[in-house]
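Undergrad: fold the following.
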Amino acid sequence: MLGLSKRTDYALLALSYLARAEEGRAVRAREIAEEHDMPVELLSKILQKLARAGMLASAPGPTGGYVMARIPDDISVGAVIAAVEGRAPALVPCMKRDDHGCEQHTKCTIRMPLASVNARVHHLLANITLSEINGQPPQTVDALPARATIGASALRPTARDGAPEGNPHHP
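TA: Numbering: from 1, shown residues only. Coordinates of the predicted model:
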């Protein structure tokens, strides 16, 4: 079943912690790890990936650590998953590969319906923000703005997927 990896879970917890920290205060990985009972080494690697993705800024030195580089409203769960995992989640293994290769390809009857479901999941993940995770009320799916964070083609279903072309808000 589709679920968040431990790395993504840790990333979201860390970003949530940093978003609630006093503005401008650099927070060390160890502080977050101790607060959430995470391995500090793993969390450090995750924070580095989030910094490379532009979500965090790192401050070196004895009083250094990490600070938010973007506001929580501009960081989607989908973007966090892509930054930490290196790709968007997929419902079935063949959708995890760039070439979508599968030994059942010539006989598969579920690929296109599942691709549509997968696109809808990507759309939802791209429109759930860190602000919402931190307790701000979520918007309804129909009111969500389109955000291109995982990959535009993965977020916008095509007419072939059952959604009208050019309608990024089709659930």
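Undergrad: which helix or strand in the protein has the lowest average pLDDT?
TA: Ranked by mean pLDDT, DSSP states H and E, the weakest helix or strand in the chain is helix 152-155, scoring a mean of 35.
Undergrad: all strands of the chain, in order?
TA: Counting by DSSP state E, the chain has strands at residues 56-59, 65-68.
Undergrad: among these, which is nearest residue 96?
TA: Taking C-beta to C-beta, strand 56-59 is the member of the strands of the chain nearest to residue 96, at 26.2 Å. C-beta: built from backbone N, CA, C; applies to glycine.
Undergrad: partner strands of that closest one, with direction?
TA: strand 65-68 (antiparallel) (DSSP bridges).
Undergrad: and the pLDDT at residue 120?
TA: What the model reports as pLDDT for residue 120 is 91.
Undergrad: swap that for residue 5, sorry
TA: pLDDT, read off for residue 5, is 91.
Undergrad: my read is that it contacts residue 85, right?
TA: Yes. In this structure residue 5 lies within contact range of residue 85 using C-beta atoms under 8 Å: 6.4 Å.
Undergrad: more neighbours: those two, which one.
TA: For the pair residue 5 and residue 85, the greater number of neighbours falls to residue 85 (16 against 12), based on other C-beta atoms under 10 Å.
Undergrad: quick one on the thing from earlier: let me know which of the strands of the chain is tucked in deepest.
TA: strand 65-68 (a mean of 22; mean count of other C-beta atoms under 10 Å).
Undergrad: so which residue is dead centre in this protein?
TA: Taking C-alpha atoms, centre = their mean, the centroid of the chain lies closest to residue 78, which sits 2.6 Å from it.
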